[in-house]
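Colleague: no FASTA, just this:
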Ligand SMILES: O=C(O)c1ccc(O)c(O)c1
Ligand SMILES: [Mg+2]
């Protein structure tokens, strides 16, 4: 099916938007009136530009406040429409979107609305265009897709059809089952947008918070599948009003948008009946290779400079890691305890940050092909003659993501000269439990979709915290078997200059089967542990009435505690190492799937206190 994007989704001038849409591989665009008005090119020149870029002009929009008005206003509306229809033709668009009226003059009269839409269809046909009628969720009288559909049927004109917009339909939580029954020849256009669940005025929700499919909470695959089942043949067109995307680099936003469509199409194909050589499946481009089953983390790589490298290495040693390998050609050290592997990479000049991580999977080549199909930017790599050919891609936050099969004969471990063994876990660490990846404000939704789609992860936890320097949102994504857990943090609002630029330091979180054994071992080895304020433990006592012995042990070892039913979570942290990373050690009981998020504000303040005091 054709893939289209509304120019309103992207930042910049119309020329910027068209170039970005074409660059990301879209087949067509919806041209928004405001983008046209502000453009120095004539409509014919815009049509030419689109043709040169390989873009069809799928739709011109919006034409507002037309139907169900007194006769005199109706005549003026038709005159207005004639101008727009002529303009659409000059742009090369054969469809004009008409959204349901919000005008005070509009009356609640279906017969009148249908008659006037029919007259509009007649006029459109004279201009060689069609009218796609869309119910705005906040229209004066027409707010539901069912009512817009009834009016289209009642207008009964070949140039009058329906535009379905997933936001307007799904934001109202109405019934969508009937969509499959709507006559295909009157389904003129399909606009797709996701959104987070929000309790707010629907117009504000729509104009500021729409997201690309897969980034919000709506069931876009369920919705789209129904429209396709009805026989819709037009383009899948993204129409996303979003304050962050409006100021994002358009090329990058367009790629994010295209990734969302590829993933949506994949989900629709998967939902199609098992006889999948159905027309449905064949209407789409080849889907990407399936998401690999992640087995966990092969390694995490910290980028360090000389000074932070020394500090991180000292901390790794104190937390019981062994330095067991040296890269053959680069200043990269391999540290390991249990199945937790940490690389220290001193090729750059970073003051300690997560530069990369590797996902362990049985099919790294398939994972890399999927990443490429999902437009993940491949990272260039220099490698020595005998070194493993590791593919890596750049996540939106700049983190390099590798795909690895550690046990393979030609695997990445062969790049290291091994000089020791990880031995039995000296402080009880068994593996990497999760990574906490702080996201730049502008990259949060893009990053969620990126990580989810590459590895087949789903969000399982979303929280908003009042942190010391402002609101922080935290979203965990994980695979169905919970082998790969990523915790994405970002700020809810763009930060001011008082707050630290990074909302929350990145963290590498190690799993232990016995937090107090680990805590004692860390103490014996002189590992630095973050001090937790006494007030925190007083509050724990008040809230949870913990066993006094347990509470005393938590207090003594600076261990945070969380509980979900009977399932418990214990965690303690190092101070910040270098400028923006820390280690955390966690024990989770089998039924606990959270991240101790309620403790995060206390932890952030404690990090700040320790960091300011250490740096003077
Ligand atoms: O917010 C609006 O006005 C508006 C305009 C056109 C659309 O297609 C839409 O979904 C919303
Ligand atoms: Mg719309």
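Modeller: Perfect, thanks for sending it. Just so it is clear, the structure is predicted and the values come from calculations on it, not from any experiment. Ligands and ions are numbered 1, 2, ... in the order given.

Colleague: who does the helix or strand containing residue 335 pair up with?
Modeller: Following DSSP states H and E, one finds residue 335 within strand 332-337. Partner strands and pairing direction for strand 332-337 (DSSP bridges) are strand 322-327 (antiparallel), strand 340-345 (antiparallel).

Colleague: Packed most tightly, which of those strands would that be?
Modeller: strand 340-345 (a mean of 23; mean count of other C-beta atoms under 10 Å). Where you see a C-beta, it was placed from the backbone N, CA and C, and this is true even at glycine.

Colleague: Can you name the residues of this structure sitting close to ligand 2?
Modeller: 165, 191, 239 (C-beta under 5 Å from the ion).

Colleague: circling back: how about residues contacting the strand holding residue 335?
Modeller: 299, 301, 313, 316, 319-327, 341-347, 413, 416, 418, 422-423, 425-427, 429, 510 (C-beta atoms under 8 Å, 6 or more residues apart in numbering).

Colleague: For the closest residue in space to residue 208 that isn't next to it in sequence, what are phi and psi?
Modeller: With C-beta to C-beta, 6 or more residues apart in numbering as the criterion, residue 208 has its nearest non-adjacent residue at 5.1 Å, and that residue is residue 243. The phi/psi pair for residue 243 (degrees, to the nearest 10) reads phi -60, psi -30.

Colleague: Show me which residues of the stretch 51-200 of the chain are close to ligand 1?
Modeller: Within the stretch 51-200 of the chain, the positions lying close to ligand 1 (C-beta under 6 Å from any ligand atom) are 61-62, 97, 99, 134, 136, 165, 191.

Colleague: Just the ones in strands from those residues, please.
Modeller: With strands defined by DSSP state E, the entries of those inside them are 61-62, 97, 99, 134, 165, 191.

Colleague: Quick check: ChimeraX command selecting the buried ones in these.
Modeller: Typed into ChimeraX, the next command selects the buried ones out of those (criterion: 16 or more other C-beta atoms under 10 Å):
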select :61,62,97,99,134,165,191
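
Colleague: what number of residues lie near residue 48?
Modeller: By other C-beta atoms under 10 Å, 13 other residues sit near residue 48.

Colleague: where does it land in three-state SS?
Modeller: helix (DSSP: H, G, I helix; E, B strand; the rest coil).

Colleague: Equivalent analysis for residue 521, please.
Modeller: Under the three-state scheme (three-state DSSP), residue 521 adopts helix.

Colleague: With adjacent residues omitted, what lies nearest to it?
Modeller: Using C-beta to C-beta, 6+ apart, the closest residue to residue 521 is residue 427 (3.9 Å).

Colleague: cool, and residue 267?
Modeller: Sequence neighbours aside, residue 221 is the residue nearest to residue 267 in space, at 3.7 Å (criterion: C-beta to C-beta, 6+ apart).

Colleague: That neighbour contacts residue 272, doesn't it?
Modeller: No. At 10.5 Å, residue 221 does not count as touching residue 272 under the criterion of C-beta atoms under 8 Å.

Colleague: Now that residue 13 has come up, it's in contact with residue 36, right?
Modeller: No. Between residue 13 and residue 36 there is no contact under C-beta under 8 Å: 11.0 Å.

Colleague: follow-up on the earlier one: what about the residue nearest to residue 208, how many residues nearby?
Modeller: 12.

Colleague: where in the stretch 351-500 of the chain is pLDDT low?
Modeller: In the predicted model of the stretch 351-500 of the chain, residues 382-386, 423-425 satisfy pLDDT under 70.

Colleague: Name the strands paired with the helix or strand containing residue 360 and say parallel or antiparallel.
Modeller: Using DSSP H and E, residue 360 sits in strand 353-361. Strand pairing for strand 353-361, using DSSP bridges, gives strand 294-303 (antiparallel), strand 400-404 (parallel).

Colleague: after the first one comes which helix or strand?
Modeller: If I follow you right, that is strand 294-303. Sequence order places helix 306-318 as the next helix or strand after strand 294-303, per DSSP H and E.

Colleague: how about that following helix: buried residues?
Modeller: Applying 16+ other C-beta under 10 Å to helix 306-318 flags 308-309, 311-313, 315-318 as buried.

Colleague: before we move on, what about stretch 543-552?
Modeller: By neighbour count on 16+ other C-beta under 10 Å, the buried set for stretch 543-552 is 546, 550-551.

Colleague: and if you look at stretch 162-176?
Modeller: 162-171, 176.

Colleague: And stretch 402-414, by the same measure?
Modeller: For stretch 402-414, a neighbour-count test (16+ other C-beta under 10 Å) marks 402-406, 412-413 as buried.

Colleague: ok and the host helix or strand of residue 367 relative to strand 353-361, angle-wise?
Modeller: Residue 367 belongs to helix 364-373 when assigned by DSSP H and E. Angle of helix 364-373 versus strand 353-361, following axes from the mean of the first three to the mean of the last three C-alpha atoms, to 10 degrees, is 120 degrees.

Colleague: What is helix 364-373 packed up against?
Modeller: strand 392-394, strand 400-404, helix 444-455 (3 or more C-beta pairs under 8 Å, 6 or more residues apart in numbering; DSSP states H and E).

Colleague: Save the ones you listed as CSV, and put in distance to residue 290 too.
Modeller: Converted to CSV, the helices and strands packed on helix 364-373 look like this (distance: least, C-beta to C-beta, whole Å):
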stretch, distance to residue 290
strand 392-394, 17
strand 400-404, 14
helix 444-455, 11
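
Colleague: Compute the distance between residue 48 and residue 259, please.
Modeller: 29 Å (C-beta to C-beta, to the nearest Å).

Colleague: Can you give me every residue that contacts residue 174?
Modeller: Counting by C-beta under 8 Å, 6+ apart, residue 174 makes contact with 144-146.

Colleague: out of these, who's nearest residue 82?
Modeller: Nearest to residue 82 among these is residue 145, at 27.6 Å by C-beta to C-beta.

Colleague: Which residue would be the closest one in the chain to ligand 1?
Modeller: Among the residues of the chain, residue 62 lies closest to ligand 1, at 4.0 Å counting by C-beta to the nearest ligand atom.
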